[in-house]
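K.L.:
Build me a model:
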Amino acid sequence: MNSFEKKGPLVDIRDLRVSFNGVPVVHGVSLQLHAGQCLALVGESGSGKSVTARSLVGLTGQGAQVQAQRLAFAGRDLLGVDEATWQRLRGGHIGFVMQDALGSLDPLRRVGAEIEEPLLLHTGLGAEQRRLRVLELLRLVGVPEPEVRARQYPWQLSGGLRQRALIASAIACQPRLLIADEPTTALDATVQAQILDLLEQLRERDNSLLMVSHDLAVVARLADWVAVMRGGAVVEQGSAEQILQDPQDPYTQRLLSAARAVHFQRPVGPALALVENAVSEQPVLLEARGLGKSFKGPDGQLREVLKDVSLTLRAGQTLGVVGESGSGKSTLGRILLGLERPEHGSVQFDGEDWLGLSGEQQRLARQGIQVVFQDPLASFDPRFTVLRVLSEALAQAGVPRGLRRTEAARLLERVQLPTALLDRRPLELSGGQRQRIAIARALAMKPRVLVLDEPVSALDVSVQARILALLAELKAELNLACLFISHDLGVVEQVSDQVLVMQGGRVVEQGSAAQVLRQPRHAYTRALLDAVPHLPPAQPRWVSRIAV
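P.N.:
Predicted structure coming up:
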């Protein structure tokens with residue numbers, strides 16, 4: 001019999017148990033995945049879904065003890081296999097897409113070499129054939145200018161482009177099983193739709209997909225079977241239709257309710273008009289006119305990433321900025337923060353010429369404009385406790401040393417975290433807790449403007465809902481002006497008063513959230529909205545069972 005026998009389930013997991021240094025994190029998980037199917041693992045952070053998926057490629061990590069009645073791929077027992085066998089499996093038979101593309105790609109190796117590696121290890125293709133295959137893969141996952149991008153390093157690409165490069169590497173050898181851990185988290189709606197189409201095409205070739213995702217709309221689009229995990233165990237599993245439309249477990253019902261809350265289409269009516277009228281009477285805090293910015297690519301050619309971009313942001317207002325990866329959203333945010341200088345245009349912050357300030361003047365003025373990034377862990381020193389992270393910001397704000405612990409505790413309470421976390425380190429916290437710490441750090445400076453760059457895209461739906469509710473409370477309480485950069489149009493609709501749509505470095509449409517997202521005028525905006533995946537409607541018999 002062949003080592004990779006096709007009969008029976010492609011993946012067979014029975015009573016999987018995983019512990020780290022004696023502490024159990026996965027408790028008796030049993031799952032099966034057949035050829036041509038998609039199995040989705042869903043659940044909040046810490047539920048054990050990623051650990052379960054990593055057990056199939058031998059990447060559970062140091063200190064992990066893996067036990068099971070059966071853990072098999074294509075009939076091959078995976079328990080106790082050596083590293084040489086794992087290396088043959090990974091890339092050649094099982095592809096693996098991690099959520100953290102920047103951490104998964106070698107920063108010292110060009111993107112083309114990264115994608116070429118599995119071809120070099122698992123195929124007999126010659127150098128020129130490998131080069132052409134790399135370019136073909138980059139086109140397949142929607143990377144523009146593949147010849148240029150292949151010569152760039154991962155840190156020179158946007159988050160969405162890095163994620164697409166990682167997917168290209170994972171599918172290079174057409175593996176029979178693709179494990180995708182949050183494969184579309186960093187992608188905008190149109191590219192997400194393209195990647196989902198690609199994943200569907202792979203399944204049509206009798207390949208299988210094991211997907212880990214917090215985006216239940218993506219799960220609805222791809223999955224045949226869904227397993228819901230909580231606390232290291234499967235609490236419910238069944239067909240995607242049954243789980244997403246008529247879930248039986250209260251935890252699954254709460255997940256779906258949170259997902260629908262985050263992506264709720266708010267009604268347009270008098271109440272919204274009153275809010276918008278009230279905001280229009282507030283003072284202008286941030287104003288940009290005619291911004292232009294170019295960067296030199298690896299081919300030596302200058303590429304315009306911002307072209308004549310203008311915006312106005314008032315106190316108490318949230319301006320949502322949307323557009324595809326590479327549209328210029330993050331560059332715009334960096335210019336408004338004073339981290340990049342434009343070649344053309346002007347920026348006024350609170351009535352002052354932001355770009356004309358000296359370095360020291362800008363450093364002092366920057367206290368009034370703070371930022372919250374998508375990945376707060378990357379902006380924290382892992383050696384610091386939460387207290388030290390917050391104390392550094394409080395020191396910048398002029399708070400005396402003796403009062404910093406008290407002020408740090410007050411900040412944690414403001415973002416609804418227990419003060420006991422002050423002595424913990426960021427690595428010991430969940431993703432949602434880290435994001436709240438990042439918000440608390442920004443608030444320490446008592447800003448008037450908050451720039452939020454994809455602040456919830458990496459979070460579970462229930463955590464997303466809580467973070468967005470928190471931001472709404474803080475905005476109302478502090479009269480904050482917020483620039484909200486995101487590819488998630490459902491989230492943007494929920495939080496924004498005004499929306500600005502960018503394509504290729506230009507603003508193609510802007511206006512009230514109601515107008516832009518309900519009655520878009522530009523074809524590009526309509527294409528973005530059409531590409532958004534949707535959850536199926538809920539069945540009334542389970543909605544009524546949810547505790548209010």
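K.L.:
out of everything not next to it in sequence, what's closest to residue 171?
P.N.:
residue 95 (5.7 Å; C-beta to C-beta, 6 or more residues apart in numbering). From N, CA and C alone the C-beta is placed, and that goes for glycine too.
K.L.:
Could you measure from the one you found over to residue 174?
P.N.:
Applying C-beta to C-beta, to the nearest Å, the value for residue 95 to residue 174 is 9 Å.
K.L.:
just to revisit the earlier point, grab the CA positions of the helix or strand hosting the residue nearest to residue 171 and hand them over as CSV.
P.N.:
Using DSSP states H and E, residue 95 sits within strand 94-97. Extracted in CSV, the C-alpha atoms of strand 94-97 (Å, rounded to 0.1, in the frame of the first residue of the first chain):
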residue,chain,number,x,y,z
ILE,A,94,0.3,19.6,3.0
GLY,A,95,0.5,23.4,2.5
PHE,A,96,0.2,25.7,5.5
VAL,A,97,-0.8,29.4,5.4
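K.L.:
quick one: contacts of that strand?
P.N.:
56-57, 59, 73, 90, 166-167, 170-173, 175-181, 183 (C-beta atoms under 8 Å, 6 or more residues apart in numbering).
K.L.:
Residue 95 and residue 174: who's more crowded?
P.N.:
Legend: neighbour count by other C-beta atoms under 10 Å for residue 95 and residue 174, higher for residue 95 (25 against 13).
K.L.:
all helices of the stretch 351-500 of the chain, in order?
P.N.:
Using DSSP state H, counting those that start in this stretch, the helices of the stretch 351-500 of the chain run over 359-365, 376-379, 386-396, 404-414, 431-443, 461-478, 489-495.
K.L.:
Just tell me which of these ends up closest to residue 103.
P.N.:
When those are compared by C-beta to C-beta, helix 376-379 sits nearest residue 103, at 9.0 Å.
K.L.:
for the closest one, packing partners?
P.N.:
Contacts defined by 3 or more C-beta pairs under 8 Å, 6 or more residues apart in numbering; DSSP states H and E place helix 376-379 against helix 431-443.
K.L.:
so how far is the helix it packs on from its chain's centroid?
P.N.:
Centre-to-centre, helix 431-443 and its host chain are 16 Å apart (C-alpha atoms, centre = their mean, to the nearest Å).
K.L.:
picking that back up, among the helices of the stretch 351-500 of the chain, which is nearest residue 120?
P.N.:
Of the helices of the stretch 351-500 of the chain, nearest to residue 120 by C-beta to C-beta is helix 376-379, at 30.0 Å.
K.L.:
ok, then the element right after the helix or strand bottoming out on mean pLDDT in the chain?
P.N.:
Ranked by mean pLDDT, DSSP states H and E, the weakest helix or strand in the chain is helix 270-280, scoring a mean of 45. The helix or strand immediately downstream of helix 270-280 is strand 284-296, counting by DSSP H and E.
K.L.:
Pull the residues that contact that following strand.
P.N.:
Against strand 284-296 from outside (C-beta under 8 Å, 6+ apart): 302-315, 328, 331-332, 335-336, 340, 342-350, 369, 448-449, 481, 483, 505.
K.L.:
Show me which of the residues you listed are buried.
P.N.:
Buried subset of these (neighbour count, 16 or more other C-beta atoms under 10 Å): 305-307, 309, 311-315, 328, 331-332, 335-336, 340, 342, 345, 347-350, 369, 448-449, 481, 483, 505.
K.L.:
Any idea which of the helices of the stretch 351-500 of the chain gets closest to residue 44?
P.N.:
Using C-beta to C-beta, those put helix 461-478 closest to residue 44, at 6.0 Å.
K.L.:
could you give the angle of the closest one to helix 431-443?
P.N.:
Using axes from the mean of the first three to the mean of the last three C-alpha atoms, to 10 degrees, one finds that helix 461-478 and helix 431-443 are set 20 degrees apart in direction.
K.L.:
Just want the angle from helix 461-478 to helix 404-414.
P.N.:
Interaxial angle of helix 461-478 relative to helix 404-414 (the same axes, to 10 degrees): 110 degrees.
K.L.:
Would you agree residue 92 falls within a helix?
P.N.:
No: Residue 92: not assigned to a helix; according to DSSP: H, G, I helix; E, B strand; the rest coil it is coil.
K.L.:
Can you tell me the closest non-neighbouring residue to it?
P.N.:
Among residues not flanking residue 92 along the chain, residue 122 sits closest, at 3.8 Å (C-beta to C-beta, 6+ apart).
K.L.:
residues near the one you found, how many?
P.N.:
So residue 122, with other C-beta under 10 Å, has 17 neighbours.
K.L.:
Let me see the contact set for it.
P.N.:
Applying C-beta under 8 Å, 6+ apart, the residues contacting residue 122 are 88, 91-92, 173.
K.L.:
Ok, residue 137 next?
P.N.:
Counted by C-beta under 8 Å, 6+ apart, residue 137 has contacts 115, 168-169, 171-172.
K.L.:
ok, now with 6 Å
P.N.:
Residue 137 makes contacts with 115, 168, 172, as judged by C-beta atoms under 6 Å, 6 or more residues apart in numbering.
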